[in-house]
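Peer 1: Here you go, sequence then predicted model.
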Amino acid sequence: MNSEDKKRISAQAALDYVKPGSVIGVGTGSTVNHFIDLLAEKMPGEIRAAVSSSEASSERLKKWGISVIDLNNSDCLSIYVDGTDESNHELHLVKGGGGALTREKIIAAASDQFICIADDSKLVETLGKFPLPVEVIPMARKLVTQKLEKLGGSARWRQDFITDNGNIILDIHGLEITDAQALETRINQITGVVCVGLFAHRGADVLLLGGDDGVRRITGNLRNEKARC
C-alpha cells in the first residue's frame, strides 16, 4: 500500500468521529484533503459547517459545498481533524510543515476532541527528525533565530513563504525532543514568537495511523475538561 492509500484509509476512519449536525474543525495538508473529499462523498450534508485552519482547506471545503464559518461564530467544535508531521507514543505532535500551525493550534484548543490522521511512517520514538516549525513576527526573525539556536539545532528561515497570518516560519533542524511540553513552553515565551509547532500541552486525543494492515488506533489520555458539544 502506498503512502496516499494509507493516508486515505486513516482519513476514512476519522469519519466515525463525525457527529451529524455538528460543526467540526478541519486542518490542513494532504491527509486532510482526503478527509474533506471523503466527508463530502460519504456524509454529504451531514455537518452544519466547518471551521478551517487555512485558506487552502477553506477553498476545498467550499468547492464541495461545505459551509465554512469563523471560529468566533461557533459555539463549540465537537472534533478537530488534522494530520501531523510527527507523533510520539504520548501523542505529542510536530506540526506546521504546511505553515498553518498557529490556526491549527487555536482550533485544536477550541475542540472537544483532536482526531489526528496520518500514515504509519509518522509515528516515531523521539520527536525532532522533522524540522520543528516556529511562526515568527517578521521584524523579530534575527532575534528569534539567535534565541532558538541556543536551544540546540539550527534555525533556518523558510524563505519565500508567508503564513496566512502574514508572518514568517523558522524551521529548527537537528533537535532531539525528549520533553515536548517543556520545550513548547520555552519557545512560546521567546519575544517575537507567535506559535511553535509542538502540540504537547494539547496533543491529539486519538491517532489514526493508516498502514498495510489497515488502521491502527492509538488513544491518548482523556482530557479533564467536560465535553461541550
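Peer 2: Looks like it came in fine.
Peer 1: just checking, residue 184 touches residue 198?
Peer 2: Yes - using CB atoms under 8 Å, residue 184 is in contact with residue 198, at 4.0 Å. All C-beta spots, glycine's among them, are computed from the backbone N, C-alpha and C.
Peer 1: Of these two, give the one with the bigger neighbour count.
Peer 2: The neighbour comparison of residue 184 against residue 198 (other CB atoms under 10 Å) goes to residue 198, with 30 against 23.
Peer 1: okay, and for the protein, where does confidence drop off?
Peer 2: Low-confidence regions of the chain, defined by pLDDT under 70, span residues 221-226.
Peer 1: domains for it, by residue range?
Peer 2: Domain segmentation of the chain under automatic domain parsing yields 3-123+201-214, 132-196.
Peer 1: Against residue 195, how distant is residue 98?
Peer 2: Residue 98 sits 14 Å away from residue 195, going by CB to CB, to the nearest Å.
Peer 1: go on, residue 167?
Peer 2: 9 Å.
Peer 1: tell me the most buried of the domains of the chain?
Peer 2: With neighbours taken as mean count of other CB atoms under 10 Å, these reach their highest mean count in domain 3-123+201-214, at a mean of 20.
Peer 1: so how far does that domain reach from one end to the other?
Peer 2: End-to-end distance for domain 3-123+201-214, by CA to CA, to the nearest Å: 12 Å.
Peer 1: That domain: how far from the chain's middle?
Peer 2: 8 Å (CA atoms, centre = their mean, to the nearest Å).
Peer 1: and the strand ranked longest in the chain, what does it pack onto?
Peer 2: With secondary structure taken from DSSP state E, the chain has its longest strand at strand 111-119. In this structure, strand 111-119 makes packing contacts with helix 3-14, helix 30-42, strand 77-82, strand 206-211, judged by 3 or more CB pairs under 8 Å, 6 or more residues apart in numbering; DSSP states H and E.
Peer 1: quick one on the thing from earlier: who touches both of residue 167 and residue 195?
Peer 2: Common contact partners of residue 167 and residue 195 (CB atoms under 8 Å, 6 or more residues apart in numbering): 102, 135.
Peer 1: could you pull out the strands for the chain?
Peer 2: Going by DSSP E, the chain shows strands at 23-26, 49-52, 77-82, 86-87, 93-94, 111-119, 132-136, 154-157, 168-173, 193-196, 198-199, 206-211, 214-219.
Peer 1: who touches the fourth one?
Peer 2: Contact partners of strand 86-87, identified using CB under 8 Å, 6+ apart, comprise 93-94, 116, 118, 122-124, 127-130, 204, 207.
Peer 1: Swap in 10 Å and give it another go.
Peer 2: Defining contact as CB atoms under 10 Å, 6 or more residues apart in numbering, one finds that strand 86-87 is touched by 92-95, 97, 116, 118, 121-124, 126-130, 132, 177, 197-199, 203-204, 207, 209, 218, 220.
Peer 1: now the angle between helix 3-14 and the longest strand of the chain, please.
Peer 2: 150 degrees (axes from the mean of the first three to the mean of the last three CA atoms, to 10 degrees).
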